[in-house]
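>>> With the sequence up front, the predicted model follows.
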Protein chains: 2
Amino acid sequence: MSHDLDTTIALLERTPAALDALLRGLPEAWTHHNEGDGTFTVVDVVGHLIYADKVDWMPRARMILEHGESRAFEPFDRWGHVDECRGKTMPQVLDEFASVRAQSLAALRALDLQPAQLELRGRHPSLGSVTLSELLATWAAHDLTHLHQISRILAHQYRAAVGPWSAYLGVLQCAGHSAPPK
Amino acid sequence: MSHDLDTTIALLERTPAALDALLRGLPEAWTHHNEGDGTFTVVDVVGHLIYADKVDWMPRARMILEHGESRAFEPFDRWGHVDECRGKTMPQVLDEFASVRAQSLAALRALDLQPAQLELRGRHPSLGSVTLSELLATWAAHDLTHLHQISRILAHQYRAAVGPWSAYLGVLQCAGHSAPPK
């Protein structure tokens, strides 16, 4: 489907509650372990979503509206959330994500973007010319990438426990699809 | 980590609310499209989870307790949900999943399984000898496989909309990990 702003917002506004329902109160055996050296725990993933809302999505949208392609976006630090997360519990990062996301969406709605504005272009430091529409669609797909990652991190903790069924569980075949910095 | 029944139940009891928070009211542009011929829509996935709770998990647990390895589990029909889902809306399947899962977990708790019982063995029609512990761990990991699939189906609908960012989004690199019938 082509990009539709209301459809994007419908997803973006549901992610904090979905993660809350899945993760709040879940034993730390699930949420505080990663997939090995240099990988995220589930707490890290929620911290990464908070950090991206703070420094990436709306700041980049404003950069497109104010500077077009004349100024490249700031590169995104995939490990920028580490300071944000240090010592925080799952309930704390879930509360913070809900708050930050609500602020982001209030700011997005306040822009009252019109179709012509969605076609405005900015400059990504690696990808080059991109549209505001593509940026906002990516924000939603980025939530989904991390929901995909969270389900994989959780399942990884039961890799041994499922015994021979591991061959049948798709999530245990997922190689992680590491991506360069956004 | 090794399998722990309370940890498994903690995940199993959260899945319906997590899917509800993510999917209820989400535009059909997200939820009623699949990933191509022979693949599931998100409504299908919720239907599959309902069907698996009805015919697979607790029936197999009871089969282990009653018959051990003397009788193989019934093979599971990956398309068995089709009749369950026909004509149903997303709110209907979400309501039904919440109800069926609550019944499943009430039945599981009523068994008051002790550690020695978790080591009892049954016979899978393809995998051979499996323990009750492995079956219950797989139930939780199966929820996670389908959360992983749901995030991928949703993201697939924005494959074009994200433009050049598609290269950076892990969920768009996921090949689906199709598995044989469970």
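Okay, I see it.

>>> What segments of chain A are strands?
For chain A, the strands defined by DSSP state E cover A:121-124, A:128-131.

>>> will you turn those strands into CSV that also has mean neighbour count and distance to residue B:123?
Heads up, the C-betas are built off the backbone N, CA and C, glycines and all. Formatted as CSV, the strands of chain A follow (neighbours: other C-beta atoms under 10 Å in any protein chain shown; distance: least, C-beta to C-beta, whole Å):
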stretch, mean neighbour count, distance to residue B:123
strand A:121-124, 20, 55
strand A:128-131, 16, 55
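
>>> Mind putting the ones you listed into TSV with mean pLDDT and distance to chain B?
Shown next, in TSV, are these (pLDDT from 0 to 100; distance: least, C-beta to the nearest C-beta, whole Å):
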stretch	mean pLDDT	distance to chain B
strand A:121-124	97	7
strand A:128-131	97	6
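
>>> In TSV: those, plus distance to residue B:9.
Converted to TSV, these look like this (distance: least, C-beta to C-beta, whole Å):
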stretch	distance to residue B:9
strand A:121-124	45
strand A:128-131	45
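
>>> Which residue, other than its chain neighbours, is closest to residue A:48?
residue A:81 (4.5 Å; C-beta to C-beta, 6 or more residues apart in numbering or on different chains).

>>> Oh, that last question was meant for residue A:108, not what I typed.
residue A:58 (6.5 Å).

>>> pLDDT score assigned to residue A:169?
Looking at residue A:169, its pLDDT is 93.

>>> where exactly do the helices run in chain A?
Per DSSP state H, chain A carries helices over the ranges A:5-23, A:28-31, A:42-52, A:58-67, A:81-85, A:90-111, A:115-118, A:132-156.

>>> Please work out which of the ones you listed is packed deepest.
The highest mean neighbour count among these, using mean count of other C-beta atoms under 10 Å in any protein chain shown, belongs to helix A:132-156: a mean of 25.

>>> Run the contact check for that helix versus chain B.
Yes - residues of helix A:132-156 contacting chain B under C-beta under 8 Å from any C-beta of the partner chain: A:133-135, A:137-138, A:140-142, A:144-145, A:147-149, A:151-152, A:154-155.

>>> who touches the lowest-mean-pLDDT helix or strand in chain A?
The weakest-scoring helix or strand in chain A, judged by mean pLDDT, DSSP states H and E, is helix A:81-85 (a mean of 82). Here helix A:81-85 makes contact (C-beta atoms under 8 Å, 6 or more residues apart in numbering or on different chains) with A:43-44, A:47-48, A:50-51, A:93.

>>> Show me which of those is closest to residue A:108.
Set against residue A:108, the nearest of those by C-beta to C-beta is residue A:50 (16.3 Å).

>>> quick one: the closest one from residue A:150, how far?
According to C-beta to C-beta, to the nearest Å, residue A:50 stands 14 Å off from residue A:150.

>>> what residue ranges in chain A score low on pLDDT?
Within chain A, the stretches with pLDDT under 70 are A:1, A:177-182.

>>> Grab the nearest non-local neighbour of the residue of it most remote from its centre.
Using C-alpha atoms, centre = their mean, the residue of chain A lying farthest from its centre is residue A:164. It sits 32.5 Å away. Nearest residue to residue A:164 in three dimensions, chain neighbours excluded: residue B:127, at 4.4 Å (C-beta to C-beta, 6+ apart).

>>> ok, now which ones touch that neighbour?
For residue B:127, the contacting residues are A:164-165, A:167-168, by C-beta under 8 Å, 6+ apart.

>>> Just the buried subset of those residues, please.
Taking 16 or more other C-beta atoms under 10 Å in any protein chain shown as the criterion, what is buried in the contacts of residue B:127 is A:165, A:168.

>>> mind putting the contacts of residue B:127 in TSV, distance to residue B:14 included?
Converted to TSV, the contacts of residue B:127 look like this (distance: C-beta to C-beta, whole Å):
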residue	distance to residue B:14
A:164	26
A:165	21
A:167	26
A:168	22
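
>>> how close does the nearest residue to residue A:64 once chain neighbours are set aside sit to residue A:55?
Leaving out its chain neighbours, the residue that sits closest to residue A:64 by C-beta to C-beta, 6+ apart is residue A:122, at 3.6 Å. Distance, residue A:122 to residue A:55, by C-beta to C-beta: 15 Å.

>>> wait, residue A:5 sits on residue A:113?
Yes - between residue A:5 and residue A:113 there is a contact under C-beta atoms under 8 Å: 6.3 Å.

>>> if we can go back for a sec, can you list the helices of chain A in JSON lines and add distance to residue B:107?
Shown next, in JSON lines, are the helices of chain A (distance: least, C-beta to C-beta, whole Å):
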{"stretch": "helix A:5-23", "distance to residue B:107": "22"}
{"stretch": "helix A:28-31", "distance to residue B:107": "23"}
{"stretch": "helix A:42-52", "distance to residue B:107": "29"}
{"stretch": "helix A:58-67", "distance to residue B:107": "47"}
{"stretch": "helix A:81-85", "distance to residue B:107": "39"}
{"stretch": "helix A:90-111", "distance to residue B:107": "29"}
{"stretch": "helix A:115-118", "distance to residue B:107": "51"}
{"stretch": "helix A:132-156", "distance to residue B:107": "24"}
